[in-house]
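Engineer: Just need the structure, nothing else, for what follows:
(one chain, ligands or ions: 1)
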Amino acid sequence: MLGQLLLIEQADMCDQQTYLTSTWTKEFDNLCDWFTHLLQKSATGTIHIHVLGNTITANPENVEHILKTRFENYPKGEPFAAILGDFLGKGIFNVDGDSWKFQRNMASLELGRTSIRRHAFDIVNSEIQSRLLPLLSSVSGEQRVLDLQDVFRRLSFDNICKFAFGLDPGCLELSLPVSEFAEAFDLASQLSAQRALASSPLIWKLKRALNLGTEKRLKQAIKMVDALAQEMINQRREKCFSDSNGLLSRFMGTINDDKYLRDIVVSFLLAGRDTVAAGLTSFFWLLSQHPEVESAIRDELERVVGSSDDHQQMASFDQLRDMHYLHAALYESLRLFPPIQFDSKFALEDDILPDCTLVRKGTRVTYHPYAMGRMERVWGPDCLQYKPERWLKQGRYVPENLFKYPVFQAGKRVCLGKEMALVEMKSVVLAIISRFNIRVLSPNQAPRFAPGLTANVRGASVSVNGLSRVEIPTNRIAS
Ligand code: HEM
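Structural biologist: Numbering: from 1, shown residues only. Model (predicted):
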């Protein structure tokens, strides 16, 4: 569809229109980079893609307007609820209104507990000690190539299952077992994302009705996800007698409907798995380009934790909080490579954005964190550079306006797992770089993106996302 002639407008009550042809595919790897290019050229930082009926913005004032000031006017909307409905059902990412409020309140009770970060820290550190480090040590010094993103996906899948459901799937065991669940999950996410690329919803709806091609495969993948999610619910139910902690138990205390519980399980898996894995993978790619950042993190670790001859010491939870440089390095990496590159809403009523862009009732509006990280007017002339220092004042991390950096979204639907994700990512980074040198095979080749619902869930947005394989020659992983 997008290979055809598109009409693109700078979206400010506009007199300027540009026609583009399919040549974008020759210049850009993916739609995100192409949209970024168009947004950089737009005087308002907003464009309108007619054929998609989509207004795309990289303007922080517009983002605040959509996510906070006029939040009620910009729900996720019916079109995406339909596209993602078979896979996500009525899980938190795919609903608005009362159902969203209920799930958000329940999840906030669990994820908002003051002790939750420490709990997340304990879970991730046990996974690191018992699985991640033995795996990396086992390949260290050998000629094998490791797919880093695969490792991080396994790790984050184990973590979110332990954290949210109190269950351990053991995906990061030394044998790297094939997980039917994880595979079905990936396929369902990828094929659901593809639906949004059809030029008309009628196409995928017809294929679904006739059980053909990708729709047939999607149906099979979802069936597998359903069965395994049900197994998790059953296991949790059995365990509840002995241990009733955790997110799923909290929901099970109020909900009897297993289909609804399945939707909740799927949403949290999607939330907690690929986001963290994508964030860590691009972080290590950036580190391989910036050895000075790697050294600065090691220095900070030594300063905060103290040096240890065998480098086996783990940072404690409280020490983690004192590592401002590490925090800045991660934030900066997420700025350039947000795991969720864009997110869409649908306008309930006509509206005018702060930059004077007219939004018509029923049309799609997208804010674009990936493009925002690349806008000079948002981040200055060095916006394309990886500079953790931009987040620091006198060595201390200073937060930025959230609407300028909507990597975790912002406003009323801001990510509920942000703190947990940061604890997880920091622990993994420290554990690895205090022990190994990780070198990406082709450091000069920027991460490529594969289509998917990114860690991407994001119930609302279908994005071009998910980093491609980042390979590490294990002969260069040296203790
Ligand atoms: C680097 C990691 C992460 C990033 C960048 C991230 C980013 C986001 C974004 C952009 C959204 C909005 C999505 C949308 O509305 O379509 C979101 C929502 C959410 N995230 Fe995260 N997330 C991360 C990790 C996590 C983790 C580990 C959890 C799980 C515990 C989590 C739980 C949630 C939940 C429950 C929501 C839904 C909030 C709502 O709709 O009210 N996230 N996240």
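
Engineer: Can you tell me the SS state at residue 48?
Structural biologist: Secondary structure, DSSP: H, G, I helix; E, B strand; the rest coil: residue 48 is strand.

Engineer: Bridge partners for it, pull those for me.
Structural biologist: residue 9, residue 55 (DSSP bridges).

Engineer: what number of residues lie near it?
Structural biologist: For residue 48, the count of nearby residues is 25 (other Cβ atoms under 10 Å). C-beta here means a position set from N, CA and C on the backbone, and glycine is covered the same way.

Engineer: hang on, it packs against residue 54?
Structural biologist: Yes. At 7.2 Å, residue 48 and residue 54 qualify as touching, with contact defined as Cβ atoms under 8 Å.

Engineer: Which single residue in the stretch 51-200 of the chain comes nearest to the ligand?
Structural biologist: residue 104 (4.5 Å; Cβ to the nearest ligand atom).

Engineer: That residue belongs to a helix?
Structural biologist: Yes. Looking at residue 104 with three-state DSSP, it is inside a helix.

Engineer: Could you pull up the residues touching it?
Structural biologist: 92, 413, 416 (Cβ atoms under 8 Å, 6 or more residues apart in numbering).

Engineer: Emit the PyMOL select command for whichever of the residues you listed are buried.
Structural biologist: Only the buried entries of these go into this PyMOL selection, using 16 or more other Cβ atoms under 10 Å:
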select buried, resi 92+413+416
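
Engineer: Can you sort out which of the contacts of residue 104 also neighbour the ligand?
Structural biologist: By Cβ under 6 Å from any ligand atom, the members of these lying near the ligand are 92, 413, 416.

Engineer: how about those in JSON lines, adding secondary structure and pLDDT?
Structural biologist: Putting those into JSON lines (DSSP: H, G, I helix; E, B strand; the rest coil; pLDDT from 0 to 100) gives the following:
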{"residue": "92", "secondary structure": "helix", "pLDDT": "95"}
{"residue": "413", "secondary structure": "helix", "pLDDT": "96"}
{"residue": "416", "secondary structure": "coil", "pLDDT": "95"}
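
Engineer: Go through the contacts of residue 104 and name the one nearest residue 134.
Structural biologist: residue 416 (31.5 Å; Cβ to Cβ).

Engineer: what pLDDT does the nearest residue to the closest one once chain neighbours are set aside get?
Structural biologist: Nearest non-adjacent residue to residue 416, counting by Cβ to Cβ, 6 or more residues apart in numbering: residue 111, 4.8 Å away. Residue 111 is assigned a pLDDT of 89 by the prediction.

Engineer: any idea of the mean pLDDT for stretch 271-284?
Structural biologist: For stretch 271-284, mean pLDDT is 90.

Engineer: do it and the ligand meet at all?
Structural biologist: Yes. Using Cβ under 6 Å from any ligand atom, stretch 271-284 reaches the ligand at 271-272, 275-276, 279.

Engineer: ok, now which ones touch the residue nearest to residue 416?
Structural biologist: 247, 416-417, 419-420.

Engineer: Just name the closest of these to the ligand, please.
Structural biologist: For the contacts of residue 111, the nearest to the ligand is residue 417 (2.0 Å; Cβ to the nearest ligand atom).

Engineer: Show me which of the contacts of residue 104 is closest to residue 236.
Structural biologist: Proximity of the contacts of residue 104 to residue 236 (Cβ to Cβ) peaks at residue 92, which lies at 17.9 Å.

Engineer: how about the closest one, what does it touch?
Structural biologist: Residue 92 touches 100, 103-104, 107, 264, 267-268, 271, 459, counting by Cβ under 8 Å, 6+ apart.

Engineer: from the residues you listed, which is closest to residue 429?
Structural biologist: Ranked by distance to residue 429 (Cβ to Cβ), these are led by residue 271 at 20.4 Å.
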